[in-house]
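Trainee: only geometry, no sequence info:
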């Protein structure tokens, strides 16, 4: 019972943080300092995470192609390998891989940074000066995640498809051109939009939970570590739950 109450309290606090941060999104573009912060966070969210996302998405596509291709080969249906890999990536695995990487790389950094500011009483100093921590700290970070996640998800899909094609051509004796043709023939606009919607929701959840845990940090350096851990765990759970709900909503 106590665990359920704690979960509901977390959801409530995170919902308030999300709503107030979204309200401050327009001010990020209006204020010069906020625009500079946004550009810096766009760089750290999008460019600095590319190496990790590239490796993860490449091997995700390769693993999918290998496992699915081996099963299709049993029925002499290797021609559908590209379609199977593409559908898995564009609907689920690309936004999921992107979300996991962002939670581990960006969400943890946000929680640790804001948590450190909290225990050093820098957050209290902002409040005393009449500056909203959500406007000054949360809005640019969450907005950067929301803007970059759909692009990174699409990038994951492209790289994963290429990785699957490499495995198809080198290990499964599937012509690369045939693989790409099969992949492109099955992809639909709806699937792309669902994948982008998932990436958007994942990014919003990751940023909100990271900020919320950072602002709730206590007990010095130990508290910062625990807040970072809670932020990553909560983000992973949010990705899994929201991913299922979106799939259930659009594919009945």
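Mentor: Alright, I've got the coordinates. Just so we're clear, the structure is a prediction, and the values are computed from it rather than from any experiment. Numbering: from 1, shown residues only.

Trainee: could you pull up the mean pLDDT of stretch 245-252?
Mentor: Stretch 245-252 carries an average pLDDT of 87.

Trainee: report the distance from it to the chain centre.
Mentor: From the chain centre to the centre of stretch 245-252 is a distance of 18 Å (Cα atoms, centre = their mean, to the nearest Å).

Trainee: ok, now stretch 41-55?
Mentor: With Cα atoms, centre = their mean, you get 11 Å for stretch 41-55.

Trainee: where does pLDDT dip in the stretch 1-150 of the chain?
Mentor: Residue ranges of the stretch 1-150 of the chain with pLDDT under 70: 1.

Trainee: now the helices for it?
Mentor: 2-23, 25-30, 32-42, 50-73, 81-88, 94-102, 108-119, 122-128, 133, 139-171 (DSSP state H, counting those that start in this stretch).

Trainee: buried residues in the third one?
Mentor: For helix 32-42, a neighbour-count test (16 or more other Cβ atoms under 10 Å) marks 34, 37-38, 41-42 as buried. All C-beta atoms are positioned from the backbone trio N, CA, C, and that covers glycine.

Trainee: so which elements touch that helix?
Mentor: Judged by 3 or more Cβ pairs under 8 Å, 6 or more residues apart in numbering; DSSP states H and E, the packing partners of helix 32-42 are helix 25-30, helix 139-171.

Trainee: rerun at 6 Å
Mentor: Counting contacts by 3 or more Cβ pairs under 6 Å, 6 or more residues apart in numbering; DSSP states H and E, helix 32-42 packs against helix 139-171.

Trainee: in the helix it packs on, what counts as buried?
Mentor: Those buried within helix 139-171 under the rule 16+ other Cβ under 10 Å are 139-150, 152-157, 159-165, 167-169.

Trainee: same check on stretch 7-23?
Mentor: Those would be 10, 13-14, 17-18, 21-22, for stretch 7-23 by 16+ other Cβ under 10 Å.

Trainee: so can I have TSV of these showing distance to residue 208?
Mentor: Compiled in TSV, these are given as follows (distance: Cβ to Cβ, whole Å):
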residue	distance to residue 208
10	11
13	10
14	5
17	5
18	4
21	7
22	9
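
Trainee: farthest-separated two in the residues you listed?
Mentor: 10 and 22 (18.5 Å; Cβ to Cβ).

Trainee: before we move on, back to that, any chance of the helices of the stretch 1-150 of the chain in JSON lines with distance to residue 217 as columns?
Mentor: Compiled in JSON lines, the helices of the stretch 1-150 of the chain are given as follows (distance: least, Cβ to Cβ, whole Å):
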{"stretch": "helix 2-23", "distance to residue 217": "13"}
{"stretch": "helix 25-30", "distance to residue 217": "24"}
{"stretch": "helix 32-42", "distance to residue 217": "20"}
{"stretch": "helix 50-73", "distance to residue 217": "25"}
{"stretch": "helix 81-88", "distance to residue 217": "38"}
{"stretch": "helix 94-102", "distance to residue 217": "20"}
{"stretch": "helix 108-119", "distance to residue 217": "4"}
{"stretch": "helix 122-128", "distance to residue 217": "9"}
{"stretch": "helix 133", "distance to residue 217": "12"}
{"stretch": "helix 139-171", "distance to residue 217": "15"}
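
Trainee: can you pull the contacts of residue 209?
Mentor: Contacts for residue 209 (Cβ atoms under 6 Å, 6 or more residues apart in numbering) come out as 14, 231, 234-235.
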